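A.B. asks: Sequence below, structure please.
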Amino acid sequence: MDTLEAHVALPLVGVAAGIVLGFVARLNRFCTLSALERYWYSSDATGLRTWVLAATVAMLATQALAAFGLADIRDSFYLRPYLGLSGAILGGLMFGFGMAMVGTCAFGAVVRLGGGSLRSLIVLLVLGLVAVATQRGLLGQVRIALVDDWAIDLTAVGGQSIPALVSRLLGFDATVAVVGLLGGGLLAWIFVDPAFRRRGALILTGTAIGLVIAFGWAATSYFATISFEPVQIEAGSFSVPVGDVIVHVITYTGTVPDYGVGLVVGAVIGAGLAAWYRHDAQWEACDDARELSRHLAGGALMGVGGVFAMGCTIGQGVTGFSTLALSAPIAFASILMGARLGLSWMVEGNAWAMFRGRQSGPGPAE
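C.D. replies: Modelled structure (predicted):
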């Protein structure tokens with residue numbers, strides 16, 4: 001396969017992976033915010049267990065691929081030696097609050113767009129443009145000042161890899177032990193619930209999403225070895241790639257889309273196929289100007305936050321976690337806190353109500 005064929009094939013492989021991702025997510029209503037709402041407001045951990053299963057499968061499969069030399073996650077930006085701690089915290093809080101405002105995360109918006117949600121189209125347009133501006137536009141100067149200039153250099157301790165940090169601390173290679181203990185502990189929590197063990201469709205959904213993320217690492221690593229042009233080693237994120245889709249649509253520079261662009265496009269297609277299969281595709285729009293303004297603001301917060309934190313609920317929560325990068329749990333914990341504050345503000349009228357132990361009914365998820 002020559003260079004041109006490789007660069008054409010890569011986004012097509014991304015489309016294929018995205019179709020699987022979007023289809024299973026839409027078919028079984030995989031949604032991070034919805035899972036968190038049910039857990040916080042109804043003590044129902046079913047959706048959360050599905051989400052954790054996706055992250056755990058992605059981690060176990062990715063680490064196995066890396067161990068056998070089939071995925072070179074060392075070249076991913078998650079494992080770069082500079083830890084943007086301020087970005088992980090501030091960006092995570094912004095992203096979480098933003099997704100509470102719009103009722104879903106970036107990936108959820110992509111999936112809902114496939115079913116005809118014009119509200120999600122609005123969110124994705126704003127999110128994508130703001131993300132690109134934050135990564136390589138005017139807002140990038142703010143990112144440099146608040147995130148890049150404050151990054152912590154972890155080169156001396158072996159970078160951001162949690163297994164590498166533990167191995168350095170213990171004095172021997174503890175990678176297998178870290179992966180085994182973490183994966184085993186998470187799987188035990190997931191399947192300790194007898195009711196969840198009977199939810200075959202949800203188990204299949206979490207497993208499939210995790211395997212798609214691991215596949216992304218293997219696919220981009222493979223194409224990086226056969227192409228003479230640089231190939232970004234990635235697996236799945238829905239912040240900057242959404243903006244890259246917009247850029248490719250409105251401009252022509254002669255460059256071929258990358259895997260991430262293909263994944264976003266494929267996820268929309270897959271979600272559309274699932275909506276057609278379930279007969280639940282329908283046009284949805286904002287009810288009034290107030291709802292529209294909330295979606296605009298939430299999309300902007302997710303766009304900035306996703307770049308600051310180097311990923312979204314999928315980008316850091318699943319993909320970043322699959323590499324066992326130190327930034328992943330920090331960023332995702334911040335996203336959870338931001339979402340909880342946002343839901344408290346949306347549902348209870350006060351972002352700080354969560355600290356007073358007040359709770360009410362389900363939130364404003366679409």
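A.B. asks: and the nearest residue to residue 217 once chain neighbours are set aside, how far is that from residue 21?
C.D. replies: Spatial nearest neighbour of residue 217, excluding adjacent residues (Cβ to Cβ, 6 or more residues apart in numbering): residue 71 at 3.9 Å. In this view, the C-beta of every residue, glycine as well, is placed from N, C-alpha and C. The gap separating residue 71 from residue 21 is 17 Å, by Cβ to Cβ, to the nearest Å.
A.B. asks: Spit out the contact partners of residue 197.
C.D. replies: For residue 197, the contact set (Cβ atoms under 8 Å, 6 or more residues apart in numbering) comprises 191, 203.
A.B. asks: whoops, residue 304 was the one
C.D. replies: With contacts defined as Cβ under 8 Å, 6+ apart, the neighbours of residue 304 are 91, 94, 130, 131, 134, 139.
A.B. asks: what separates it from residue 340, distance-wise?
C.D. replies: 19 Å.
A.B. asks: Then residue 14?
C.D. replies: From residue 14 to residue 340 the distance is 33 Å (Cβ to Cβ).
A.B. asks: higher neighbour count, those two?
C.D. replies: Under the criterion of other Cβ atoms under 10 Å, the comparison of residue 14 against residue 340 puts residue 14 first, with 28 against 19.
A.B. asks: Model confidence at the residue nearest to residue 70 when sequence neighbours are not counted, what's the number?
C.D. replies: Spatial nearest neighbour of residue 70, excluding adjacent residues (Cβ to Cβ, 6+ apart): residue 218 at 5.2 Å. Residue 218 carries a pLDDT value of 97.
A.B. asks: Flag every buried residue along the host helix or strand of residue 218.
C.D. replies: Secondary structure from DSSP states H and E places residue 218 in helix 200-226. For helix 200-226, a neighbour-count test (16 or more other Cβ atoms under 10 Å) marks 202-203, 205-224 as buried.
A.B. asks: Please apply the same query to stretch 79-99.
C.D. replies: Neighbour counts over stretch 79-99 (16+ other Cβ under 10 Å) mark 79-80, 82-99 as buried.
A.B. asks: I'd like the mean pLDDT over it, please.
C.D. replies: The model assigns stretch 79-99 a mean pLDDT of 96.
A.B. asks: and if you look at stretch 321-334?
C.D. replies: For stretch 321-334, mean pLDDT rounds to 97.
A.B. asks: same question, stretch 148-164
C.D. replies: Mean predicted confidence for stretch 148-164 is 91.
A.B. asks: Could you list the residues in contact with it?
C.D. replies: Against stretch 148-164 from outside (Cβ under 8 Å, 6+ apart): 78-87, 165, 167-168, 174-175, 178-179, 323-327.
A.B. asks: Which residue of this protein lies farthest from its centroid?
C.D. replies: residue 171 (33.0 Å; Cα atoms, centre = their mean).
A.B. asks: Pop out the phi and psi values for it.
C.D. replies: For residue 171, the backbone dihedrals (degrees, to the nearest 10) come out as phi 90, psi 10.
A.B. asks: Could you do residue 313 as well?
C.D. replies: phi -60, psi -30.
A.B. asks: State the pLDDT value of it.
C.D. replies: pLDDT, read off for residue 313, is 95.
A.B. asks: Also residue 232?
C.D. replies: Reported pLDDT for residue 232: 91.
A.B. asks: A strand includes it, no?
C.D. replies: No: Residue 232 is assigned coil when assessed by DSSP: H, G, I helix; E, B strand; the rest coil, not a strand.
A.B. asks: That one against residue 259, yeah?
C.D. replies: Yes: between residue 232 and residue 259 there is a contact under Cβ atoms under 8 Å: 7.3 Å.
A.B. asks: overlap in contacts of the two?
C.D. replies: With Cβ under 8 Å, 6+ apart as the test, residue 232 and residue 259 both reach residue 220.
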